[in-house]
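Q: I would like the atomic coordinates for the input below:
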Amino acid sequence: MKGEICCMKYELHKTDSQSKARAGKITTDHGEILTPIFMPVGTAATVKAVHQRELANDIKAQIILGNTYHLYLRPGLDILERAGGLHKFNGWSGPILTDSGGYQVFSLKDIRKISEEGVKFQSHIDGSRHLFTPENVMDTQRTIGADIIMAFDECAPYPCDYNYAKKSMEMTHRWLKRCIDRFDSTEGKYGYSQALFPIVQGSVYKDLRIQSAEFIAEQNREGNAIGGLAVGEPAEKMYETIDYVNDILPKDKPRYLMGVGTPENILEGIALGIDMFDCVMPTRNARNGMLFTTQGIINIRNEKWKDDFTAIDEALGGYVSTFYSKAYLRHLVKCDEILSAQIASVHNLTFYLWLVGQAREHILAGDFLTWKNAMVKQVMQRL
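A: Numbers count the residues shown, from 1 in each chain. All right, here's what the predicted structure looks like:
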């Protein structure tokens, strides 16, 4: 942090008496984040089909994501630095978190090679060759300028055998030390502080996850993440892993569950002590006509919505969810109109932010578990 005092802080406001659910507040130089929170995914400097004004005013997003791999390739670091960082480039004035790009690189299994040095890979855009190391990924995220940046790790595939998971975890830990050394010897470029989150790995093996959680906790960074879940393992195994990992991760630091997930996953994750979530599901499913609502899940393509002139979700509030009818949105979807993706994406993200906001209110009110158990059944039923 070289002459830089990290200004990210976490305050724990209340822990639920019947579960591990927590309500808190993260403070960054770009604003406050009330937790638990869902973070819309803005992979390539945009949350797909959503204006920044809608993110702030209708969806009420408090923090969004960018992705190091995609931003490194396009528009490129030179453009982002000349713009003054991602905030200036995309016009989002709130906090931003960047994924290290590790997950994207490792998903390119046919065009990448992992070694102790880092990962050599080919661009999915033009086939050009690149190298990501723990050091240059820190430099890259410094240039992108996110408030919270992620350590470079390997996301082990599921399923994988124990030996692979162990070697992968151990390399992730060695890479983390290199990330920390580089991060702490450099400083941000745009006049505000940045925080580095390490990532717990270890696949679905309990002893490895415990070992990794202990190692990550020892680094004493401003927050911690759990990676390598929601990659194909049974939901019960995911919840079990979160439970014992969160018993180890510090209670006075935010906990981020990466890439999760469905409304049910988020509610169960909150009950297990997770503070931060992200997932492409609300926007990706929106573009395919699947809507998440306060009453359950709607496939808006179905014939039954053809002449339903009621609002998409009156109970949700927000301009988009209460102004447009189900029949109109179905018409747009069937016609492949671009507006359908916009309406559905704004609606789904509004729902996700509503859901975590309601969870926070019920944690503070002391009746979270009763509310959560009823809400899981309600929001996951097919309408």
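Q: Surely residue 246 touches residue 270?
A: No. Assessed by CB atoms under 8 Å, residue 246 is found out of contact with residue 270, at 11.1 Å. C-beta coordinates here come from the backbone N, C-alpha and C atoms, glycine included.
Q: Give me the more crowded residue out of these two.
A: Shown here are residue 246 and residue 270; by other CB atoms under 10 Å, residue 270 has more neighbours (28 against 23).
Q: Restricting to C-alpha, output stretch 161-177 in PDB.
A: Provided in PDB are the C-alpha atoms of stretch 161-177 (Å, rounded to 0.1, in the frame of the first residue of the first chain):
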ATOM      1  CA  ASP A 161      -9.400 -35.500  -7.700                       C
ATOM      2  CA  TYR A 162      -7.900 -34.700  -4.300                       C
ATOM      3  CA  ASN A 163      -4.300 -34.400  -5.500                       C
ATOM      4  CA  TYR A 164      -5.200 -31.900  -8.200                       C
ATOM      5  CA  ALA A 165      -7.300 -29.900  -5.800                       C
ATOM      6  CA  LYS A 166      -4.400 -29.900  -3.200                       C
ATOM      7  CA  LYS A 167      -1.700 -28.800  -5.700                       C
ATOM      8  CA  SER A 168      -4.000 -26.200  -7.100                       C
ATOM      9  CA  MET A 169      -4.800 -24.800  -3.700                       C
ATOM     10  CA  GLU A 170      -1.200 -24.700  -2.700                       C
ATOM     11  CA  MET A 171      -0.200 -22.800  -5.900                       C
ATOM     12  CA  THR A 172      -3.100 -20.400  -5.200                       C
ATOM     13  CA  HIS A 173      -1.600 -19.700  -1.800                       C
ATOM     14  CA  ARG A 174       1.900 -19.100  -3.300                       C
ATOM     15  CA  TRP A 175       0.400 -16.900  -5.900                       C
ATOM     16  CA  LEU A 176      -1.500 -15.000  -3.100                       C
ATOM     17  CA  LYS A 177       1.800 -14.200  -1.400                       C
END
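Q: Distance from it to the middle of the chain?
A: 22 Å (CA atoms, centre = their mean, to the nearest Å).
Q: repeat for stretch 52-66
A: In terms of CA atoms, centre = their mean, the centre of stretch 52-66 is set 13 Å apart from its chain centre.
Q: Name the surrounding residues that touch it.
A: Residues from elsewhere that reach stretch 52-66 (CB atoms under 8 Å, 6 or more residues apart in numbering): 31-34, 37, 39-45, 47, 50, 86, 90-92, 94-99, 144, 146-148, 278, 318-320, 346, 349-350, 353, 357.
Q: ok, now with 6 Å
A: 33, 37, 39-42, 86, 91-92, 95-98, 278, 318-320, 346, 349-350, 353 (CB atoms under 6 Å, 6 or more residues apart in numbering).
Q: Likewise for stretch 247-266?
A: So stretch 247-266 is in contact with 10, 26, 213-214, 217, 223-227, 230, 269, 274-277, 279, 292, 355, 376, 379-380, going by CB under 6 Å, 6+ apart.
Q: Can you tell me which of those residues end up in strands?
A: 10, 26, 224-226, 276-277, 292 (DSSP state E).
Q: which sections of this protein are below the confidence cut-off?
A: 1-6 (pLDDT under 70).
Q: Nearest residue to the middle of it?
A: Closest residue to the average C-alpha location of the chain: residue 278 at 2.3 Å, with CA atoms, centre = their mean.
Q: Nearest residue to that one in space, please, no chain neighbours.
A: The shortest distance from residue 278 to any residue other than its chain neighbours is 4.3 Å, reached at residue 39 (CB to CB, 6 or more residues apart in numbering).
Q: now do residue 171
A: residue 154 (6.2 Å).
Q: Also residue 319?
A: residue 58 (5.5 Å).
Q: what's the answer for residue 111, then?
A: Nearest residue to residue 111, sequence neighbours excluded (CB to CB, 6+ apart): residue 122, at 4.0 Å.
Q: Now that neighbour. Its backbone dihedrals?
A: phi -100, psi 140 (degrees, to the nearest 10).
Q: Could you list everything it pairs with in the sheet?
A: residue 129 (DSSP bridges).
Q: Just give the number of residues close to it.
A: 15.
Q: Surely residue 349 touches residue 280?
A: No. At 11.0 Å, residue 349 does not count as touching residue 280 under the criterion of CB atoms under 6 Å.
Q: between those two, which one's more packed in?
A: residue 349 (29 against 14).
Q: what's the more buried one in contact with, if anything?
A: Contacts of residue 349 by CB under 6 Å, 6+ apart are 40, 59, 282.
Q: helix, strand or coil for it?
A: Look at residue 349: counting by DSSP: H, G, I helix; E, B strand; the rest coil, its state is helix.
Q: Distance across stretch 14-28, terminal residue to terminal residue?
A: 20 Å (CA to CA, to the nearest Å).
Q: where's stretch 269-287 relative to the chain centroid, distance-wise?
A: 7 Å.
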